[in-house]
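Chemist: Got a sequence here, can you model it:
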Amino acid sequence: MTEQTDAALVARAAGGSELAFRSLYRAYVQPVYWIAHGLLHDVSDAEDVTQETFLVAWRKLPSLDLVGDSLLPWLVTVCRLQAANRMRRQRRDRTHEVHGDLDETLPSTIDVEQQVLDADLVERILAEVEALGELDREIFRLCAAEGYGYQAAADRLGVSHGVVRNRLSRIRTRVRSALKEST
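Modeler: Predicted structure coming up:
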């Protein structure tokens, strides 16, 4: 974001400011769309999941405690859950067409709102990432949150492929260790 931090915009949007929410939307709609498209491989589905992600965001911003400087990691988590729900529904629908009625006791979707509310794990991961150095945070953001490959992240950061690969491996190990220690 340029003039206002995500935290300030989230606070204003949580208070009902459509202008603040529009600013967040404009800032993150493209990365959220590309993540959705990368997961779903379909323009229409990616557009739907992007809109669903921002709908969840609008509803959840009042209860969101933003960890870190960016709303993007949280949006990516919501986007991935929405995409998973869509893929499950599509798989269920294809199975239904082939095999007839499904057992009604099987859940067809995950309760995204409940998962967002139970986002303690995501918050702990983000807290651990915030403790990293600037280069490591950028590597994590590009590779884990935005889906960049090693070489694309390396090109963007002006470092070698090996630096990105090795640092990301260490970051993942550090985060896993921290999560094991906290449980």
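Chemist: for this protein, which residue is closest to the average position?
Modeler: Most central in the chain under CA atoms, centre = their mean is Val76, positioned 1.2 Å from the mean C-alpha point.
Chemist: for the helix or strand hosting Arg92, packing partners?
Modeler: Assigned by DSSP states H and E, Arg92 belongs to helix 72-99. Contact analysis of helix 72-99 by 3 or more CB pairs under 8 Å, 6 or more residues apart in numbering; DSSP states H and E lists helix 18-40, helix 43-60, helix 112-117, helix 120-130 as its packing neighbours. No exception for glycine: its C-beta is placed from N, CA and C like everyone else's.
Chemist: how does the protein divide into domains?
Modeler: Using automatic domain parsing, the domain parsing of the chain gives 1-109, 119-183.
Chemist: could those domains be laid out in a markdown table, adding mean pLDDT?
Modeler: Putting those into a markdown table (pLDDT from 0 to 100) gives the following:
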| stretch | mean pLDDT |
| --- | --- |
| domain 1-109 | 84 |
| domain 119-183 | 81 |
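Chemist: Run a quick neighbour tally on the closest residue to Glu146 other than its chain neighbours.
Modeler: Among residues not flanking Glu146 along the chain, Pro31 sits closest, at 5.5 Å (CB to CB, 6 or more residues apart in numbering). By other CB atoms under 10 Å, 18 other residues sit near Pro31.
Chemist: Please apply the same query to Ala11.
Modeler: Ala11 - counted by other CB under 10 Å - has 17 other residues nearby.
Chemist: What's the separation between it and Ala57?
Modeler: Distance, Ala11 to Ala57, using CB to CB, to the nearest Å: 14 Å.
Chemist: Next: Val32.
Modeler: For Val32 relative to Ala57 (CB to CB), the value is 9 Å.
Chemist: what do those two both touch?
Modeler: Shared contacts of Val32 and Ala57 (CB atoms under 8 Å, 6 or more residues apart in numbering): Leu75.
Chemist: who are the neighbours in contact with the residue nearest to the centre of the chain?
Modeler: 31-32, 35, 145-146.
Chemist: One more: Val43?
Modeler: Counting by CB under 8 Å, 6+ apart, Val43 makes contact with His37.
Chemist: and what of the one 5 residues further on?
Modeler: Each residue near Asp48 by CB under 8 Å, 6+ apart is listed here: Arg86.
Chemist: how much space between it and Tyr33?
Modeler: Using CB to CB, Asp48 is found at 11 Å from Tyr33.
Chemist: what's the answer for Glu146, then?
Modeler: With CB to CB as the criterion, Glu146 and Tyr33 are 12 Å apart.
Chemist: try Ala11
Modeler: Distance from Ala11 to Tyr33, by CB to CB: 25 Å.
Chemist: next one: Arg137
Modeler: 23 Å.
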